[in-house]
Structures are given as C-alpha cells and as structure tokens.
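Novice: quick one, fold the following:
(one chain, ligands or ions: 1)
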Amino acid sequence: MRVSEAVTSRRSMRVFKPDPVAKADIEWIISTANRAASNGNLQPWKLYVTMGKARLRLSSAILKAIDANETAPGGEYDVYPKEFTPVYDARRKLVGKQLYTLLGVQRGDTAGMAKQFRKNFDFFDAPVGMILTVERRMGNGQWIDCGIFLDQLMLLAREKGLHTCPQAAFSRFQHVVRRELNIPDDQVVICGLALGYADPDAIPNNLITERAPIGDFTTWFDE
Ligand SMILES: Cc1cc2nc3c(=O)[nH]c(=O)nc-3n(C[C@H](O)[C@H](O)[C@H](O)COP(=O)(O)O)c2cc1C
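Specialist: Okay, the predicted model is just below:
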C-alpha cells in the first residue's frame, strides 16, 4: 500500500465487525508506529491495549459510571478551544450534522445523541481498544509527538486492512480508565483508539468528511 492510499483511505469508522485482530498484527502496527519522530527522540507516548474480556471490562466500567452519573472529575485537558471562532464552529457543526444525519438522529434528539456517545465507550464494537497517555510533566512538544504516533498507528492499521477511530471521549472518563488499567496519576489520558475490521455496509462508515482547500491555511513565499 502506498502512503497516500493509507492516508486517503483512513477515516474514522464507527461500526466495527466482531472479527478478532491477530495479536501479531497489533504488535507489528505498534512497533512500526514506534518509529515516529519525536522532539529529542523522547518517545513520550504510552499505550494501553485492551482486547477480549479486558476490553469488555473497561467498556462496562465506563458505561456503568455514566449510568450512575459518576462523570466527575472529567477530562484533564481541553479537547476543544474554550471559545469557537465562526470558521471552526462551522466545521465542527457540519461534521456533527453529517454524522447524525447518516445515523438518522434528528436535531434536538438528545436520547439519540446520548446513544451514539455511549457507543464510543464500547469502542464502536471494535475488538481492540487502545488508550494513549502521556506523562503529566510533558509539554506541548511531547503532545505533538503523541499525535504523530497516534497517526502512525492509524495509517499502519490500513496496511493490515484494519480501520480505526481516535476517541477523545475517553479523556472525559479518565478516572474510570485510570482505575481499570492501573494508569498512574502522573499520566494524562489523551484519548482512546478503536481498532478492528470496519463494517463496510454500515451507513455511518460512509461519512467522508470535508477539508478546507490548502489556500485556507498555507502561506507561500516563493519569489
Ligand atoms: C484526537 C481525536 C479525537 C477524536 N475523538 C473522537 C471521539 O471521541 N468520538 C468520535 O466519534 N470521533 C472522534 N474523533 C474523530 C473526528 O471526529 C474525525 O477525525 C473528524 O471528524 C475527521 O473525520 P475523519 O477522521 O473521518 O477524516 C477524534 C479525532 C481525533 C483526531
């Protein structure tokens, strides 16, 4: 597979087939992604991989916490800017509208939206659920490194015919994730990552999100 094929065929999948993923493939993806560049070669990423009963235990612990309204203390970092300027607000709303339209969830249908939100914590039924963390003492530079590592995981998954969905939703229930996976207090839960074989016939998996033209964010100096 060409790099460009991996990049263009990667998209966030939200319906997975139950088919198991070979552990050797997961190990290959992780060990190859580990070649990611990082500032000073710090390699600050930490990864927790759950499968089988461990994956189910993590999911049910979070869903139980949601049902019991144990939502505090919440996320430890800002997933979004504190205030949205119009351009970013429009992008976020557009993708939300497109996704919920495909899901058949109408505007204002809070129960439908809550149902979809819950699916995050079952890793959208993917057999493999990963959690990415970084030490609390690390700075912005190391968060960039973790983002690069995350992207490498997602792209390498494509080479094995697998799909992914990165999930910041897990950061909101970091207290439960921490408890279930024995994650030390000195680490921040960045996000989850669902990994598995996507169901190509599932309607939500057909969402091809839009991108701004490169002129919107690229400034050239070529004379
Ligand atoms: C760090 C990160 C966190 C995300 N968290 C979630 C999430 O919690 N739930 C979800 O359904 N999608 C999540 N997404 C997926 C984004 O909605 C998606 O990447 C974006 O809409 C672009 O679509 P694409 O990934 O299909 O290209 C996340 C993406 C990133 C990069």
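Novice: who does the top strand by length along the chain touch, helix- and strand-wise?
Specialist: For the chain, the longest strand by residue count, based on DSSP state E, is strand 187-196. Counting contacts by 3 or more CB pairs under 8 Å, 6 or more residues apart in numbering; DSSP states H and E, strand 187-196 is packed against strand 128-135, helix 140-159, strand 163-167, helix 174-181. Any C-beta I mention is one placed from the backbone N, CA and C, and that applies to glycine too.
Novice: out of those, the one nearest the ligand is which?
Specialist: Nearest to the ligand, of all the helices and strands packed on strand 187-196, is strand 163-167, at 3.8 Å by CB to the nearest ligand atom.
Novice: any bit of the closest one sitting next to the ligand?
Specialist: Yes - against the ligand, strand 163-167 shows contacts by CB under 6 Å from any ligand atom at 165-167.
Novice: show me the contacts for residue 129.
Specialist: Applying CB atoms under 8 Å, 6 or more residues apart in numbering to residue 129 gives the contacts 49-51, 55, 58-59, 123, 192-195.
Novice: could you dump these to JSON lines with neighbour count?
Specialist: JSON lines is the format used below for the contacts of residue 129 (neighbours: other CB atoms under 10 Å):
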{"residue": "49", "neighbour count": "17"}
{"residue": "50", "neighbour count": "21"}
{"residue": "51", "neighbour count": "18"}
{"residue": "55", "neighbour count": "19"}
{"residue": "58", "neighbour count": "25"}
{"residue": "59", "neighbour count": "20"}
{"residue": "123", "neighbour count": "27"}
{"residue": "192", "neighbour count": "27"}
{"residue": "193", "neighbour count": "23"}
{"residue": "194", "neighbour count": "26"}
{"residue": "195", "neighbour count": "27"}
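Novice: show me which of those is closest to residue 83.
Specialist: Set against residue 83, the nearest of the contacts of residue 129 by CB to CB is residue 192 (26.0 Å).
Novice: separation between the most centrally placed residue in the chain and residue 179?
Specialist: The C-alpha lying nearest the average C-alpha coordinate of the chain belongs to residue 166 (CA atoms, centre = their mean; 1.2 Å). With the distance defined as CB to CB, to the nearest Å, residue 166 ends up 22 Å from residue 179.
Novice: same question for residue 52.
Specialist: Taking CB to CB, one finds residue 52 at 19 Å from residue 179.
Novice: more neighbours: which of the two?
Specialist: The residue with more neighbours, out of residue 52 and residue 179, is residue 179; 13 against 10, by other CB atoms under 10 Å.
Novice: list the contacts for residue 158?
Specialist: Residue 158 makes contact with 1, 5-6, 9-10 under the criterion CB under 8 Å, 6+ apart.
Novice: that one - nearest residue in space that isn't next to it in sequence?
Specialist: residue 6 (4.2 Å; CB to CB, 6 or more residues apart in numbering).
Novice: tell me what the helix or strand containing that neighbour is packed against?
Specialist: Following DSSP states H and E, one finds residue 6 within helix 3-9. For helix 3-9, the elements it packs on are helix 140-159, judged by 3+ CB pairs under 8 Å, 6+ apart.
Novice: and this structure, which residues reach the ligand?
Specialist: Residues of the chain lying near the ligand (CB under 6 Å from any ligand atom): 11-12, 14, 95, 120, 165-169, 191, 209.
Novice: are any of those residues buried, and which?
Specialist: Neighbour-count burial (16 or more other CB atoms under 10 Å) is assigned, among these, to 11-12, 14, 120, 165-167, 169, 191.
Novice: save the residues you listed as TSV, and put in distance to residue 23 and pLDDT too.
Specialist: Listed next are these as TSV, based on distance: CB to CB, whole Å; pLDDT from 0 to 100:
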residue	distance to residue 23	pLDDT
11	25	98
12	24	98
14	24	97
120	24	97
165	20	98
166	21	98
167	21	98
169	25	97
191	22	98
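Novice: nice, that's everything, thank you.
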